[in-house]
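Chemist: Dropping the sequence and predicted coords here.
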Amino acid sequence: MKTAISIEDLSYNYPDGHQALSGITLSVVTGEKVALIGPNGAGKSTLLLHLNGILIGSGSIRIMGLDTTPKNLPAIRARVGLVFQNPDDQLFSPTVFEDVAYGPIYQGLDEQLVNSRVDQALYDVQMQSYRERISHHLSLGEKKRIAIATVLSMQPEILVLDEPSSGLDPRARRELINLLRGFKQTLLIATHDLLLVRDLAPRTVVIDNGRVVYDGATPKLMRDKAKLADYGLELPS
């Protein structure tokens, strides 16, 4: 299998001197669905922001074989679709169509291809009828789906999602899990939702205090309540 994400000895200090990541080494192959979990402040979101060059730490990161150098960042950002925890960080246009079309238009695609990309992305998140809706009038669950569509319209090979199920009611959460399960892209999902992890990701990586403390099979971790407790985690009963 081809390696989609390769991270070697990644460390990062914030400007105030706080070390958010320390010696992270991690590899994800194409098509994998991997959960990234850990307590608040463990470094999960900081790690995600390194995958398309929003943050730059020491160490090595390769995305689909490309080093995250300034020269390669445009190509890397076309390959890595980053979905933020708050969909309002990604939805800023008057209508759903304009939000989802923004990326393909920025890529310089012609009108016909832009329309095709939008239609496909909305189909992929089962929101075809929302094309002309006002984004900020939607429910949180609907906004999260549209935020994913804004990334899918750029046809990334890797989807990186930060807390995708946060704030969702049980129905919206279940619908989201079913959607993500059907995606063919490589998925890296940072979350506190251990039920989502259990149902979606065969492999789980645990980060604590900026270090990888577990990398292995999800079912094995979920059966080990003592280990989960050591990492500040608990599977709901």
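Modeler: Received it, and whenever you're ready, just let me know what you need. A quick note: this is a predicted structure, and the numbers were derived from the prediction, not measured.

Chemist: Now do the phi/psi pair for residue 86.
Modeler: Phi and psi for residue 86, reported as degrees, to the nearest 10, are phi -100, psi 110.

Chemist: gap between it and residue 98?
Modeler: Distance from residue 86 to residue 98, counting by CB to CB, to the nearest Å: 19 Å. Every C-beta, even on glycine, is put in place using the N, C-alpha and C of the backbone.

Chemist: Could you check how far the lowest-mean-pLDDT helix or strand in the chain is from the centre of its chain?
Modeler: Between all helices and strands in the chain, the lowest mean by mean pLDDT, DSSP states H and E belongs to helix 225-230, at a mean of 89. Taking CA atoms, centre = their mean, to the nearest Å, the mean C-alpha location of helix 225-230 is offset from the chain mean by 25 Å.

Chemist: Render the CA-only coordinates of it in PDB, please.
Modeler: Below are the C-alpha coordinates for helix 225-230, written out as PDB (Å, rounded to 0.1, in the frame of the first residue of the first chain):
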ATOM      1  CA  LYS A 225     -10.600   0.100  30.300                       C
ATOM      2  CA  ALA A 226      -7.500   0.600  32.500                       C
ATOM      3  CA  LYS A 227      -5.400   1.800  29.600                       C
ATOM      4  CA  LEU A 228      -8.200   4.200  28.500                       C
ATOM      5  CA  ALA A 229      -8.400   5.500  32.000                       C
ATOM      6  CA  ASP A 230      -4.600   6.100  32.000                       C
END
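
Chemist: got the buried residues for that helix?
Modeler: residue 228 (16 or more other CB atoms under 10 Å).

Chemist: before we move on, which element is the closest residue to residue 232 other than its chain neighbours in?
Modeler: Excluding the flanking residues, the one nearest residue 232 by CB to CB, 6 or more residues apart in numbering is residue 39, at 3.8 Å. Of the helices and strands defined by DSSP states H and E, none includes residue 39.

Chemist: same question, residue 6
Modeler: Using DSSP H and E, residue 6 falls in strand 3-13.

Chemist: Give the next helix or strand downstream of that strand.
Modeler: Scanning forward in sequence from strand 3-13 by DSSP H and E, the next helix or strand is strand 19-29.

Chemist: in its sheet, what does that following strand sit against?
Modeler: strand 3-13 (antiparallel) (DSSP bridges).

Chemist: Which residues does the partner strand contact?
Modeler: 19-32, 46-47, 50-51, 55, 57-65, 157-158, 186, 188, 210 (CB atoms under 8 Å, 6 or more residues apart in numbering).

Chemist: where exactly do the helices run in the protein?
Modeler: Secondary structure of the chain (DSSP state H): helices at 44-50, 73-79, 96-106, 111-124, 140-152, 170-182, 194-200, 218-223, 225-230.

Chemist: Any chance of TSV for those helices, columns distance to residue 236?
Modeler: Output for the helices of the chain, formatted as TSV (distance: least, CB to CB, whole Å):
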stretch	distance to residue 236
helix 44-50	19
helix 73-79	35
helix 96-106	33
helix 111-124	29
helix 140-152	20
helix 170-182	12
helix 194-200	6
helix 218-223	11
helix 225-230	11
